[in-house]
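Trainee: below is the sequence, then the predicted model.
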Amino acid sequence: MTTAAALKRTPFHALHLDHKAKMVEFAGYDMPISYGSIIEEHKWCRASAGFFDVSHMGRLRFSGRHARRFLDHVCTRQIFGMQTGMVRYSLICNAQGGCRDDVLVYCVDEDEYLVVCNASNRQKLLGHFAEVKAAGQFAFKLEDETDSTAMVAIQGPKAMDLISKMSSTIPSMKRYRFMVKNLVVIKLLVSRTGYTGEDGVEVILPSSMAKLALGMVLKDMGGDSSVVKPVGLGARDTLRMEAGMPLYGHEITEDIDPVSAGLEFAIKFDKGMTGGPDDERTGTFIGQEALRKIKAEGPAKRLVGLFVEGRRSPRQGMQILSGGQAVGEVTSGCVSPTLDRAIAMAFVPAALALEGTALELDLAGKGTTSAVVTKLPFVSRV
């Protein structure tokens, strides 16, 4: 385990301490798990707006002649055809179709892209990209901008009202789009994707300017009259569970494919081909054939949502039972602060994945309770 002294700190570390955050190790960073109450922070984000420090996430910039072709080869989503200002959610898979990571790809222009990845997978992806680049003789430049930039998210039903007071153009931006704005001398990249099920924005800016920008935009954050309060990783997790969004290491892993995980929308099986020595693409991506096979045969298991009886919080690894036999397991679970009931995401056999199917949850040696398959997301706000 990394010692506290060796943990990385984001540019907002002092802010977390000022707001009395409980700090924990996460992906090598000293990060806030909560500022007092996970449930209160969760409810505040659903009712007003939450500030999330997501600077630990990886930010990788690809530029040059083959940047687009390379990303089209490693991403399941089609990168060719993206226009400047577009963002696409994609998976990066291994040859067996398992997920190396899920990422957001920002199209800066046809020769430049920004990829935001999970903090725990950044080094793994950098190694993977280096191997693929060498094997395929791609010509592009890859810059790891994680340490030189900061990233925050402001999410919640009042987030865009707050943003509208600072910019008249950002609120009109469509979802999965981004724009570059100037805040005095600070250059900001502002996107509208979200990971909470609420509306809002994400902002990427230079690390050296992070404290100054925060002071200019959110002077009274956390105050009694403030619309925005800081939210930690604990509530970020319960929010994304309610929104039915996957988390790497839970719903997707190197051994779990995106078809089984319900992410087929993020796979472009037929990317097509174009001509030209510098713009040529084969129409294939890593893991494509394995995913084609899984789709054609149908996945053996599927990710489902579960409503669970009782007040015990379902935990990752708890077994799902049918007729007294173990048939699957929980990937994520909590007592939903919004719905005030236990919810879980789990993999079960495809035949048991239909909405309304009655199952049981083994409470890890403390008996069983009933569960019923339900649609994802549990909470839909945008």
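Mentor: Noted; the coordinates are in hand.

Trainee: in stretch 132-152, what counts as buried?
Mentor: Within stretch 132-152, the residues scored as buried using 16 or more other C-beta atoms under 10 Å are 133, 138, 140, 142, 146, 149, 150, 151, 152. Backbone N, C-alpha and C define where each C-beta goes, glycine included.

Trainee: so residue 160 touches residue 200, yeah?
Mentor: Yes - using C-beta atoms under 8 Å, residue 160 and residue 200 qualify as a contacting pair, with a distance of 7.0 Å.

Trainee: more neighbours: those two, which one.
Mentor: Using other C-beta atoms under 10 Å as the criterion, residue 160 and residue 200 rank with residue 200 on top: 26 against 19.

Trainee: bridging residues for the more buried one?
Mentor: Counting by DSSP bridges, residue 200 forms beta bridges with residue 155.

Trainee: thought it was touching residue 153?
Mentor: Yes - between residue 200 and residue 153 a contact is recorded at 6.3 Å, counting by C-beta under 8 Å.

Trainee: what touches both of the two?
Mentor: residue 194 (C-beta atoms under 8 Å, 6 or more residues apart in numbering).

Trainee: which element is residue 84 on?
Mentor: Using DSSP states H and E, residue 84 sits within no helix or strand.

Trainee: neighbours of the spatially closest residue to it that is not a sequence neighbour, just the number please.
Mentor: Leaving aside its sequence neighbours, residue 84 sits nearest to residue 109 (C-beta to C-beta, 6 or more residues apart in numbering; 5.2 Å). Close neighbours of residue 109, defined as other C-beta under 10 Å, add up to 13.

Trainee: what's the end-to-end length of stretch 63-82?
Mentor: Start and end residues of stretch 63-82 are separated by 15 Å (C-alpha to C-alpha, to the nearest Å).

Trainee: buried residues of that stretch, list them for me.
Mentor: 66-80, 82.

Trainee: in helices only, show me the residues you listed.
Mentor: 67, 68, 69, 70, 71, 72, 73, 74 (DSSP state H).

Trainee: helix 67-74 and the helix ranked longest in the chain, what's the angle between them?
Mentor: Ranked by residue count under DSSP H, the longest helix found in the chain is helix 122-136. Helix 122-136 runs at 100 degrees relative to helix 67-74, counting by axes from the mean of the first three to the mean of the last three C-alpha atoms, to 10 degrees.
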